[in-house]
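Asker: Attaching a predicted model along with its sequence, questions to come.
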Amino acid sequence: MSDGLRLRGITKVLGGRTIVDGFDLEVRRGELVCLLGPSGCGKTTTLRIIGGFLRPDAGEVLIDGTPYTHTPPERRPTAMVFQNYALWPHMTVFKNVAYGLRLRKLPKREVAERVERVLESVNLTHHIHSYPAQISGGEQQRVALARALVLEPKVLLLDEPLSNLDAKLRVRVREDIKQIQQRVGITTVFVTHDQDEALAISDRIAVMNNGRIEQYADPHALYREPETRFVADFVGTMNFLEARVRSASQGAVVDLGDGVVVPCAAPTAFLDTPGTVGVRPEDVHVVADGDGAKARIVRVMPRGHYKEIVLDLDVVTVRAFVGMEQPTEGDVRVRFGRALVYVDDRLRRGSPSAPARSPAVS
Amino acid sequence: MSDGLRLRGITKVLGGRTIVDGFDLEVRRGELVCLLGPSGCGKTTTLRIIGGFLRPDAGEVLIDGTPYTHTPPERRPTAMVFQNYALWPHMTVFKNVAYGLRLRKLPKREVAERVERVLESVNLTHHIHSYPAQISGGEQQRVALARALVLEPKVLLLDEPLSNLDAKLRVRVREDIKQIQQRVGITTVFVTHDQDEALAISDRIAVMNNGRIEQYADPHALYREPETRFVADFVGTMNFLEARVRSASQGAVVDLGDGVVVPCAAPTAFLDTPGTVGVRPEDVHVVADGDGAKARIVRVMPRGHYKEIVLDLDVVTVRAFVGMEQPTEGDVRVRFGRALVYVDDRLRRGSPSAPARSPAVS
Amino acid sequence: GENPSAGSSSEGKTVRLYIGGDVNVRGLWEKNLIPAFRKAYPGYDVRVTFSEHGVNDTTTLAKLGAAVKADQDAGFDLADSNLVRQAATSGLLAKVDTTSIPNLANVDESALEPVDHAAVPYRGSSVVLAYDSSKVKEPPETLDDLLAWIKANPGKFTYNSPSTGGSGQSFVTTVLDKFISEEDRQKMVEGYVPELEPLWDEGFAVLKDLHPAIYQKVYPNGNQDVLNLLGKGEIWMAPVWSDMALASMETGLLGPEIKLTQISNPSFTGGAAYLGMPKNARNKEAALKLLNWVLEPEQQQTIVDVLAGYPAINLDEMPADVKEKFAGLETQNLRLTYSQKMISDLNNLWQQKVPG
Amino acid sequence: MRSQRIRGLLMVAPPVLVVALFVGFPVLTAAMYTLGHTGGPNSVVASIGQRQHFAEHWWGTTDAYAEVFASQQFQRSVVATVIVTVVSVAVTLGLAWAIGLYVRLSKSRVAKVFSALAVVPLFIPVVIASYAILTFYASDGFLRTVAALLGWESAPTFGYTMVAVTIAQVWVNLPFGVLMMTSGLAAVPDVLIDAARDAGASLPRAVVSVFVPLNLVPTVIVASFTGIAVLGSFTVPYLTGPSAPNMLGPLMTNTFGSFNQPQQAQVMAMVVFAIAAGIGAVYVWANFRSAKRSGAVL
Amino acid sequence: MSAVQTSQRVDEAPAVPAPSRPAVNVVRRAIARAVLGLCVLLLAVFILGPLIWLSLRAFAASWSYPSLLPESWTLSWWRQVLADQTLGSSIRLSFTFAPVVTALSALICLPAAYAFARFNFPGRRVLLVSLFATNAFPKIGLFVSVAGLLYSLHLMGTFLGVVVVQLLGTIVFMTWIPAAAFASVPRSLEEAARDVGAGPLRVFFTVTFPLAAPGILVAMILSFLASFDEAQGTFLVGAPNYITMPTEMYTLVLNYPEQAAAVFSILLSVPSVLLMLLVRRHVMGGRLAEGFHLR
Ligand SMILES: Nc1ncnc2c1ncn2[C@@H]1O[C@H](COP(=O)(O)OP(=O)(O)OP(=O)(O)O)[C@@H](O)[C@H]1O
Ligand SMILES: Nc1ncnc2c1ncn2[C@@H]1O[C@H](COP(=O)(O)OP(=O)(O)OP(=O)(O)O)[C@@H](O)[C@H]1O
Ligand SMILES: [Mg+2]
Ligand SMILES: [Mg+2]
């Protein structure tokens, strides 16, 4: 059970504010977990606590069962990749990577070997004697990774490692990281505020908000069933509607008021008083005609292999993702697929209670 | 014809290298055009030439027909939003926006009015007296935009205006920009290296490479029919395969060699000698069984409303975008939809020539 | 321990000599006297510390005062500088007599009065009037002539500010003396009598009156500057130290056209240069040796030759040629200048009343 | 972090103590002396000083100050000092800005020549510098020679005048000014200027509305350090200046040395100190004010 | 916004037609060039003129106003000066003091600089500024009252005493500039080193120090020059045992014929100039300026 990384009730107060607040996290050995959250929610702080750069005011850090809460960074089996890489500008790539090994008084030959091996794994051998300033951002990023990996730490920590790469590169490098991580099979905590990134590479994602975990789940679950409104909003795109959800003759419908009623295939629950209903754009089905609520297409944004369209349903506007082929002119009809019902910002599930006015079956 | 912005044969040599190379561009009045390209391809340089910060070595810049090639920036009807906003840290938001108007000796009252109006339009009135350092990145970005718009320029120039906003914000702000631009109906040139961004907001996109335009088309065309291999690679994801394309009994097939043959619904041309074939991930159709090439699923990356999967076809691996529902275990069969054929890096279209070995009909 | 100079001269055979004067004096010591002394007393040596005219004398004096008070090393065993007179009168220097310095016998008693026998006069020199004979046909003979000439030839005369050198100081003193009775003057020479300073006002008025006629209305810093101006032909006439003038003529800084003369009633001041030894000097024995040796005729001869200075001992002791060289010139009791403290005030008052 | 505090204080201690012992303490004793407390550490100086004033009350006496302030010579000297200081600061700033701006905006080879020239004085001992400048502007110096050759016989002589002093002061202080301004200006990104021009400002206008406000701190630094340096200078005015009225530096030395009035000299020192401290305060204020807003600088 | 749209344009003067423009530019450029050239010349004369003028004098046998060059040349002044043996010793002394002072200064100031840059402790700013006092009090007044102190500490006339007096002039540079240099080293670089297993000390010597070195170098250069230039204090404390170059120079400049003084000046500024050629590059970087921005 105690393999991998464990945080128990970590709390940190900085500048009078509670930045991390009773934080529990459990990362299995070899797992890649993302800390995902808006700027300022305490991701970096948490990571720095794991790395030993900050002492928590409460709680403990365990790695493979041993407590490291008060160990200084240099004596922790963790390795960190910093947001701006933090490569030492006065050392060559080789020296940067070798630094840690040298400290450990390994024979020169072994140092050289291991450095070369790790540089190979991030294929940078050709830059072994360049200085950080002479190589591109993506390469620097990989050097930083190599520097962390060469020590074969038990836990790898990455703080927004991709944020200064450009769009194209960001996608490529994140896959490299994932591959290497899988190959080495190292326990990894990855901080990012880009949900796309998180979804793409994580085994599990911990969505953070104000120093607490909102939800901790695997990408699919997180996207499909965001437990809280915050998560639903932060991860992916979501249409939030103030509406009631009731069952009608043709099945469940989302009632937006003013007589706008949208058929809904799968609501998570019924709502007899207006509440928040979340519908993913891909769950907004747009058809030329047939039954469904009338809607007008206001704007179309090509997104490559699919289109994002904005629909006007009189009372609200909703976004939908549709295939490229889908015609996108004039009036259409709209149906919902899954709809997530939130009551006081938490997802409500379970056997839809019959709407109030129809007599409940007792 | 001569409305809007026109660049004719712009060439610029910097530090001995030709950064912009015989560049022609024509932007209709009120149109939003993206300059899209990898880092270092000359986007900023081009923009600075339009803005008047650089004199081209050859070619001319026309706005609504008048030549401005040698006019200094202060006398051009252009307004630029710089990559890092370039707000003046010692002036309040109001002062920043009012600066240009003040220079024009407008009466205080009018200045105040116009500043307030424009700040409203980017809804920042509440920050009117804050200093740039006191407001968030997204807000700074909007101030920069307001500062440019308040002068009612004929041409609006934006240099990667979103690159230092975080993922979530980037998407929101880019839509704001698009909306404002449409409302004001101002001719706009938008520099970015994020193809997602370009696709989402452009009327037309000019893909740049080494200071030249590779393709100039609207987002849909650009994504569907990338004229060159570079564009195909840079815009969206693309599987490139070294293969032949021939017609077989069941129709056209992509022949990857070693007996791996993938049925293909719509190749742009036939290839009797191995060439480059590009297939979009969404055109890789994955079915549990039925006819198609055998493939193994190597990796699955949830991308929110769809999944990206990596398939191993023995000779190559290809990526495919599939819906969430699609089962993604074990062996599957693969068919291609559209396939783009590139011969010496240019798209080949038109009536598929019959493969060489079957006797040609004369 | 913590004082290297003490350590280095622990055997007491090295005399540390502080010179506060013009470079020629230093030259005299380093190039002539010291080598000779070394020869005369093998194993003995002299190390020189040179301080440019005026500027550091008082700080050195402060140092001396403090050192004697705290019975610490003042940093020198002998001093050749204007500060000696005041140091002597403020009782910081060791008394000297014929028992400690036999040769003192040949020195005129009057020369020991102003320093209450706490210092040894070892040479004399006086300020003279130097003029460019090619421009000035008949040089002034009295002070009045001089003053008249200065007014008549504006911009052709200057003197260094009294705080920066003896020659200018002498000129100022001489002008002041014009209006002061002999006994008052005597008081000023012997002691510190601030109450008499008002007597100077008339003199200062005269000097102020000269100001417009002074070369560029600036008073150079130090005796040498004046000589430079003279050498470059910028000015035609100036008060200079006899010894420095003669020395410069040898180096060629002053051309042959420059001639020297002494004016009368009153004449420029001059006086003996004194060597003084701190009460608690580290190397007394060696210092006394040097003092006695300097007063021997040969050394006096050297001084006369090198510095064109006056001997400090009776001419009768000197060889014949020297005797008649100074025939007529008063070499023993020259017109002494004021006591150091009076000079300090004089500098101050001049600074306030004359320039600018 | 308490440990950090203590470590910090310990590491900072040595220089602070040195300054406290060898500057703080002497300054205090000097202050005491000016108030007529001639005992203790002042006894030595007092023992040989002339025209001293002795404490009458427990806190001392202001007679020394009264005397000094009353003296015409002092007043004239103060005026001279202040004028020279103000002028040389102004000129130094002007030059530093001009050179700095040019270097910032052109980046050409000429620019390199400029900045290279400007730092030379940093490496020349002040004594030599003063002497060289004295001869250069002397009555037979380069300036008058050239003038004479051009037929202007009666060209003014700067040597031994406050003009020479000012020139020398500028000469000596220019390097610091230029170094400060160049790097201060270098810290302002090009885009800020571009943005201003884009908004319709001519280059000069852009400079005024962007460079100037963003370089107030460097400017203040140059002004204050030059000012303080000039105020306390001795060598330059002593060598190149007139006999009187000259700056306080030489007067102080004369008063102390030639006039043998240490107490009065220290009074003057106190006056200079007061002015310098005033300037220093401005400098500190400017810095910390900007440090507060420093988040505001791109 | 649409409202903004309607209000009339206040913008651009019509653009100057393209072709005519270059011609204008050529003329403008030419004029600009000329002006610029003049400025360079003036600055050169202002800065270098005096030095050159002085060095000419060192070779002048006779040189009478008004002539741009001496009428006749000679080396006699050089012979005269070089014969003077005190010169050598004073040069030697200067070159022992300056390095010693710089080293000592570095020894006591660098730790402080680091603390100022990295730690946050009560009174940090006050202390940082208090060092500034050394600049604010006029040296003359200071040295006078220092003398008494040095006596009671038995430092008068000792090597150490001189070192102390010269040290005072270097403290501000040695603390402020390195402090800025240290502060400019990103903490993350240090943390990265801690992370891979280096202890605080090692981190300092392998990462922080090398990266701050340029700034420290500048500080050392300035300190060197400062103690090299110090004259009054050195004389007061050092005489008679320690007479350094500048001290010597006061005397010489004032008491020798101009030509000789010129020779001295040249001889004595040779080391400084050499130093300049060596280190100008470093001093020109922004390092110095950074130091004077208090944070
Ligand atoms: N040393 C500190 N003193 C006071 N507040 C601090 C300190 N360090 C961080 N904070 C505050 O803690 C909050 C969380 O900081 P942190 O860097 O962990 O956020 P983050 O999630 O990493 O944000 P980002 O995504 O922008 O990096 C921020 O509001 C920050 O202002
Ligand atoms: N002043 C200059 N001198 C020499 N080369 C320059 C200069 N300015 C830009 N370049 C070069 O011109 C090329 C294009 O620069 P530019 O900034 O236009 O690229 P870009 O497309 O904007 O790249 P990015 O997306 O990174 O901004 C770069 O390789 C750059 O190094
Ligand atoms: Mg962070
Ligand atoms: Mg760019």
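Answerer: Okay, I see it. Ligands and ions are numbered 1, 2, ... in the order given.
Asker: Longest helix in the chain, by number of residues?
Answerer: Answering for chain A, as no chain was given. Counting by DSSP state H, the longest helix found in chain A is helix A:167-184.
Asker: that's the wrong chain, I meant chain E
Answerer: When chain E is parsed with DSSP H, its longest helix is helix E:20-57.
Asker: low pLDDT regions in the chain?
Answerer: Because you didn't say which chain, this covers chain A. A:1-2, A:351-362 (pLDDT under 70).
Asker: Actually, chain E is the one I wanted.
Answerer: Across chain E, the ranges flagged by pLDDT under 70 are E:1-24, E:84-86, E:144, E:148, E:239-240, E:254-255, E:285-286, E:294-295.
Asker: Where does the residue positioned nearest the centre of it sit: helix, strand or coil?
Answerer: Note on chain E: the residue nearest the mean C-alpha position is residue E:222, at 4.3 Å, using Cα atoms, centre = their mean. Here residue E:222 is recorded as helix under DSSP: H, G, I helix; E, B strand; the rest coil.
Asker: can you pull the contacts of it?
Answerer: By Cβ atoms under 8 Å, 6 or more residues apart in numbering or on different chains, the contact list for residue E:222 reads E:170, E:173, E:177, E:283, E:288. C-betas here are computed from N, CA, C, even on glycine.
Asker: Would you agree the fourth one falls within a helix?
Answerer: Yes - assessed by three-state DSSP, residue E:283 belongs to a helix.
Asker: ok so, going back, after the longest helix of chain E, which helix or strand is next? Please name it.
Answerer: strand E:60-62 (DSSP states H and E).
Asker: what residues does the longest helix of chain A touch?
Answerer: A:32, A:121-122, A:137-138, A:141-142, A:145, A:149, A:156, A:158, A:161-162, A:165, A:188, A:190, A:197, A:200-201, B:38, B:193-197, B:234.
Asker: Residue of the stretch 51-200 of chain A nearest ligand 1, please.
Answerer: residue A:193 (4.9 Å; Cβ to the nearest ligand atom).
Asker: Now that residue: closest residue in space, sequence neighbours ignored.
Answerer: Closest residue to residue A:193 apart from its sequence neighbours, by Cβ to Cβ, 6 or more residues apart in numbering or on different chains: residue B:166 at 5.1 Å.
Asker: Kindly report the same for residue C:271.
Answerer: Going by Cβ to Cβ, 6+ apart, residue C:271 has residue C:336 as its nearest residue, at 4.7 Å.
Asker: who touches the one you found in this structure?
Answerer: C:114, C:189, C:269, C:271.
Asker: Tell me where the stretch 1-150 of chain C has helices.
Answerer: Ranges of helices within the stretch 1-150 of chain C are C:4-8, C:23-27, C:34-40, C:57-69, C:83-89, C:143-152, based on DSSP state H, counting those that start in this stretch.
Asker: Same check on the stretch 201-350 of chain C?
Answerer: Using DSSP H, counting those that start in this stretch, helices in the stretch 201-350 of chain C cover C:201-210, C:223-231, C:242-251, C:284-294, C:297-307, C:320-325, C:340-353.
Asker: Could I get the buried residue list for the third one?
Answerer: Meaning helix C:242-251. Going by neighbour count (16 or more other Cβ atoms under 10 Å in any protein chain shown), the buried part of helix C:242-251 is C:242, C:243, C:244, C:245, C:246, C:247, C:248, C:249, C:251.
Asker: cool, stretch D:197-209 as well?
Answerer: Quick answer for stretch D:197-209 (16+ other Cβ under 10 Å): D:197, D:198, D:199, D:200, D:201, D:206, D:207, D:209.
Asker: you'd agree the fifth one is up against residue B:103?
Answerer: Read that as residue D:201. Yes - with contacts counted by Cβ atoms under 8 Å, residue D:201 reaches residue B:103, the gap being 5.7 Å.
Asker: that older thread, can you give me the offset of the longest helix of chain A from its chain's centre?
Answerer: 15 Å (Cα atoms, centre = their mean, to the nearest Å).
Asker: Can I get it as PDB, trimmed to CA atoms?
Answerer: Taking C-alpha atoms only, helix A:167-184 is exported to PDB below (Å, rounded to 0.1, in the frame of the first residue of the first chain):
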ATOM      1  CA  ALA A 167       2.000  25.300 -29.400                       C
ATOM      2  CA  LYS A 168       3.400  22.700 -31.800                       C
ATOM      3  CA  LEU A 169       6.400  21.800 -29.700                       C
ATOM      4  CA  ARG A 170       4.300  21.600 -26.600                       C
ATOM      5  CA  VAL A 171       2.300  18.800 -28.000                       C
ATOM      6  CA  ARG A 172       5.300  16.900 -29.200                       C
ATOM      7  CA  VAL A 173       7.400  17.300 -26.100                       C
ATOM      8  CA  ARG A 174       4.600  16.300 -23.800                       C
ATOM      9  CA  GLU A 175       4.400  13.000 -25.600                       C
ATOM     10  CA  ASP A 176       8.100  12.500 -25.300                       C
ATOM     11  CA  ILE A 177       7.900  13.000 -21.600                       C
ATOM     12  CA  LYS A 178       5.000  10.600 -21.300                       C
ATOM     13  CA  GLN A 179       7.000   7.900 -23.300                       C
ATOM     14  CA  ILE A 180      10.200   8.400 -21.300                       C
ATOM     15  CA  GLN A 181       8.200   8.300 -18.000                       C
ATOM     16  CA  GLN A 182       6.500   5.100 -19.000                       C
ATOM     17  CA  ARG A 183       9.800   3.500 -20.200                       C
ATOM     18  CA  VAL A 184      11.600   4.400 -16.900                       C
END
